[in-house]
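K.L.:
Model the structure of this input:
(one chain, ligands or ions: 1)
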Amino acid sequence: MISRTMAEAQLPKRVDAAKLVDSNQQFSAQIDSQKLGRLLAAVERCEQPVDCHIEFFRDAENHRVLKGQCKTQVTMQCQRCLGSVSLEVESEFELGLVFDDERAKQLPRRLEPVIVDEDGYFDLWQVLEDEVLLSLPPFPLHPQDECQLKQPEPDTNAEPEVERENPFSVLAQLKKN
Ligand SMILES: [Zn+2]
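P.N.:
Predicted structure coming up:
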């Protein structure tokens, strides 16, 4: 459990990568999601803050690493009934902090590169917002029993009556030509 004061603390925004790595800094803090414009644009609503647990360290291969998790609650549009669906979004990540593209290419595959500016700083909020965006479901749906677009007769056992483009019909047409 994190303490109340820790949970209410805001994460710093522009941070010094080397300094945080060298001091093995850890944060359990929140970002006010109302300040994350790209996240707000991607969902219907995000009324919860983004909870972040992150740590900075040097790994065994001497890479500067930012590792952690972010979690929040968003409302998106169900792609089946077009109603609102509330979803928990959680992301886990391990990022390599580097100075340029060249060093980014040298990172092992398990580390996603984050390129810091010439002074060694980067925008921590922006990086964490990216991680939350990446973990949004591409096709949000209600659980079957909560969706408004239910089968009226559950025992028909038929495919859902959703109009769907059949990729094979397109192929069939192509073959005819
Ligand atoms: Zn639905």
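
K.L.:
Can you pull the residues of the chain lying near the ion?
P.N.:
78, 80, 81, 142, 147 (CB under 5 Å from the ion). Bear in mind the C-beta positions are built from the backbone N, C-alpha and C, glycine included.

K.L.:
how close does the most centrally placed residue in the chain sit to the ion?
P.N.:
For the chain, residue 132 is the residue whose C-alpha lies nearest the centre (CA atoms, centre = their mean; 2.1 Å). For residue 132, the distance to the ion equals 22 Å [CB to the ion, to the nearest Å].

K.L.:
Would you confirm that that residue belongs to a strand?
P.N.:
No: secondary structure of residue 132 (DSSP: H, G, I helix; E, B strand; the rest coil): helix, not part of a strand.

K.L.:
which residue ranges form the helices in this protein?
P.N.:
Ranges of helices within the chain are 4-8, 17-22, 37-42, 101-105, 124-134, 167-176, based on DSSP state H.

K.L.:
Apply the buried test to the residues of the chain next to the ion and list what passes.
P.N.:
78, 80, 81, 142, 147 (16 or more other CB atoms under 10 Å).

K.L.:
Give me the subset of the residues you listed lying in strands.
P.N.:
Nothing among these maps onto strands, per DSSP state E.

K.L.:
returning to that earlier point: residues contacting the nearest residue in space to the residue nearest to the centre of the chain that is not next to it in sequence?
P.N.:
What sits nearest to residue 132 in space, not counting adjacent residues and going by CB to CB, 6 or more residues apart in numbering, is residue 70, at 5.4 Å. The neighbourhood of residue 70, defined by CB atoms under 8 Å, 6 or more residues apart in numbering, consists of 50, 51, 52, 90, 91, 93, 128, 131, 132, 135.
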